[in-house]
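In: Just the structure for this:
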Amino acid sequence: MINLNNKDKNKYTLKAIKKIPSNTDEFNKQFLYELDSKDFLGGNFYKKIRNYFEKIKFNINVDLNSFLDIVKKEDRLPLLNAIFSSHENIYHLPCCFKSKLPIKIHHNFLVDTKKYGKIVNEALSFVYAESFSRKLMGLPNNYLNPNKFVELVKEEFNKFNNVEINVLDKKDLIDKQMNLILSVGANAKKEDEPKFLIISSKIKTGKKLVLVGKGVCFDTGGLNLKPGSYLMGMNYDMSGAAIVVGTMMALVNNNISANISIVCPLVVNDISNQGIKVSDVITSYSKQTVEITNTDAEGRLILADAITYAEKNLKADTIVSIATLTGAVEYCFSDVYTPIWCTNRSQFNLFQKASNKAGELIWEMPIHFEYADRMKSSKIADMLNSEKTRGAGSSTAACFLSFFTKKANFNHMDIASTNEYKSLPLPIMLKTLYYFAKDFK
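Out: Below is the predicted model of the structure:
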């Protein structure tokens with residue numbers, strides 16, 4: 001919750017300044033923020049303001065005018081998004097089940113609404129959407145299965161008249177033969193059966209953009225059961241779905257004119273004698289066949305059918321998938337960079353521009369024919385769902401997903417190591433996707 005121009009002002013006020021005078025004492029220095037326009041290159045500002053808020057343990061005023069007056073006009077919205085987002089991420093839990101709730105810190109943001117009202121309103125609606133994504137990510141599986149995910153999202157989106165919402169249930173998925181989604185969800189009990197959520201803007205002109213978010217509400221690994229420590233945090237395995245929902249909410253709330261849809265395949269990857277087994281061969285929605293070599297490589301299966309749906313049913317020109325897909329990314333990038341794979345290099349340049357605005361670091365990764373050949377090395381099916389040597393696991397997974405597009409530009413983000421900050425959910429790439437979609441033509 002963002003307090004804006006609260007009449008009950010706090011004792012101390014944070015102000016931005018181009019250069020802190022050398023004779024400023026240490027106490028007063030903590031209420032001056034030295035703002036350099038270069039902070040907006042590579043996400044430095046977001047990290048710096050987040051680090052600042054982490055140190056402040058009491059309520060203060062934040063003079064937003066002093067920040068907005070310094071930066072360039074085009075940097076004002078990214079600045080506000082960074083300040084509001086870091087404030088919410090640091091001080092407010094997305095959900096809490098403690099019997100005694102922790103005391104919340106609410107800084108008072110002071111701003112001239114006559115001068116900056118338009119961008120302030122856009123930033124506030126954005127941070128509300130981001131907070132909703134954090135809530136979805138943070139809910140435990142016994143509070144959030146595929147059905148509950150759909151209910152919560154529909155409840156939020158019912159207030160918008162510029163979107164259309166469709167939900168496919170298990171029967172619909174069977175009728176369409178979306179067998180990869182069904183195979184992952186086959187282990188789940190009845191109340192956890194798969195759902196397939198589609199939200200589309202009512203704008204039908206221009207190039208079609210579809211965001212596809214992985215929605216595994218809990219991932220045990222199936223018969224390739226995860227070791228105990230690796231099960232922790234698996235309720236976050238639906239982060240991709242939560243992030244595309246938040247992106248769509250921010251776009252429609254700000255009336256962004258884009259021909260855009262989001263697609264969320266929602267499942268629970270549980271354990272039973274009903275689910276897929278290693279060596280099974282499944283026919284996908286695209287009619288390509290997949291040999292199962294690892295039941296814990298389930299995210300790419302549900303994404304594959306969703307990507308086919310995006311191009312076949314929604315007529316996507318550009319598809320972006322976002323998922324907590326592979327643990328391998330952590331060894332490459334830790335929690336600093338989010339890797340991205342693009343079949344069209346020019347679109348990577350657009351993502352780079354968007355990520356610079358967002359303050360979220362991305363790194364271009366290869367979709368290479370040798371990785372593709374490894375994924376197509378099955379003796380009995382069109383492809384494997386997991387390459388047996390596990391080398392370049394993130395890139396082979398991205399290549400696998402690319403097999404399910406024909407003409408659409410395909411982009412994939414793997415957020416498996418960047419979707420948390422200090423063990424709390426972080427809807428990473430939501431800002432980047434928002435700016436990318438906002439400028440998409």
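
In: Spell out, range by range, the helices that occur in the stretch 1-150 of the chain.
Out: All helices of the stretch 1-150 of the chain, identified by DSSP state H, counting those that start in this stretch, fall at 26-29, 44-55, 64-68, 76-91, 113-138, 146-157.

In: With respect to burial, which of the ones you listed scores highest?
Out: Using mean count of other CB atoms under 10 Å, the stretch among the helices of the stretch 1-150 of the chain with the largest mean neighbour count is helix 76-91, at a mean of 23. Glycine gets a C-beta too; all of them are placed from N, C-alpha and C.

In: relative to helix 44-55, how tilted is that helix?
Out: Angle, helix 76-91 to helix 44-55, by axes from the mean of the first three to the mean of the last three CA atoms, to 10 degrees: 30 degrees.

In: With only the CA atoms kept, save helix 76-91 in CSV.
Out: The C-alpha coordinates for helix 76-91 follow below in CSV (Å, rounded to 0.1, in the frame of the first residue of the first chain):
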residue,chain,number,x,y,z
ARG,A,76,10.1,9.6,-14.6
LEU,A,77,7.8,6.6,-14.9
PRO,A,78,10.6,4.1,-14.5
LEU,A,79,11.8,6.0,-11.5
LEU,A,80,8.4,5.9,-9.8
ASN,A,81,7.9,2.3,-10.6
ALA,A,82,11.3,1.5,-9.1
ILE,A,83,10.6,3.5,-5.9
PHE,A,84,7.1,2.1,-5.4
SER,A,85,8.1,-1.5,-6.3
SER,A,86,11.1,-1.5,-4.0
HIS,A,87,9.1,-0.1,-1.1
GLU,A,88,6.4,-2.8,-1.5
ASN,A,89,9.0,-5.6,-1.9
ILE,A,90,11.0,-4.6,1.2
TYR,A,91,8.2,-3.6,3.6
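
In: which outside residues touch that helix?
Out: If you take CB atoms under 8 Å, 6 or more residues apart in numbering as the criterion, helix 76-91 is touched by 2, 40, 45-46, 49-50, 53-54, 62, 64, 67-68, 71, 104-107, 109, 116, 119-120, 122-124, 126-127, 130-131, 134, 357-359, 421, 424, 426, 431, 435.

In: Kindly report the same for stretch 385-392.
Out: Here stretch 385-392 makes contact (CB under 8 Å, 6+ apart) with 290-294, 297, 300-301, 328, 371, 374-375, 377, 393, 396-397, 400.

In: PyMOL command for the buried members of those?
Out: Those of the contacts of stretch 385-392 that count as buried under 16 or more other CB atoms under 10 Å are selected in PyMOL with:
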select buried, resi 290+291+292+293+294+297+300+301+328+371+374+375+393+396+397+400
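
In: which ones among the contacts of stretch 385-392 are found in strands?
Out: Per DSSP state E, strands hold the following members of the contacts of stretch 385-392: 290, 291.

In: Can you tell me which of the contacts of stretch 385-392 end up in helices?
Out: Among those, the subset assigned to helices under DSSP state H consists of 300, 301, 328, 371, 374, 375, 393, 396, 397, 400.

In: Could you point out which residue ranges in the stretch 101-250 of the chain have low pLDDT?
Out: Residue ranges of the stretch 101-250 of the chain with pLDDT under 70: none are present.

In: the strands in it, which residues?
Out: Secondary structure of the stretch 101-250 of the chain by DSSP state E, counting those that start in this stretch: the strands cover 108-110, 163-168, 195-201, 209-213, 215-219.

In: quick one: which of the helices of the stretch 1-150 of the chain is nearest residue 367?
Out: Counting by CB to CB, residue 367 lies closest to helix 113-138 out of those; the figure is 27.3 Å.

In: can you tell me how far the nearest residue to residue 53 once chain neighbours are set aside sits from residue 339?
Out: In space, and not counting its chain neighbours, residue 53 is closest to residue 90: 4.6 Å by CB to CB, 6 or more residues apart in numbering. Separation of residue 90 from residue 339 (CB to CB, to the nearest Å): 26 Å.

In: Check for me that residue 411 belongs to a helix.
Out: No - counting by DSSP: H, G, I helix; E, B strand; the rest coil, one finds residue 411 to be strand, located in no helix.

In: Please work out how many residues are found near it.
Out: 25 (other CB atoms under 10 Å).

In: Which one of the helices of the stretch 1-150 of the chain lies nearest to residue 180?
Out: Here helix 146-157 is closest among the helices of the stretch 1-150 of the chain (CB to CB), at 15.3 Å.
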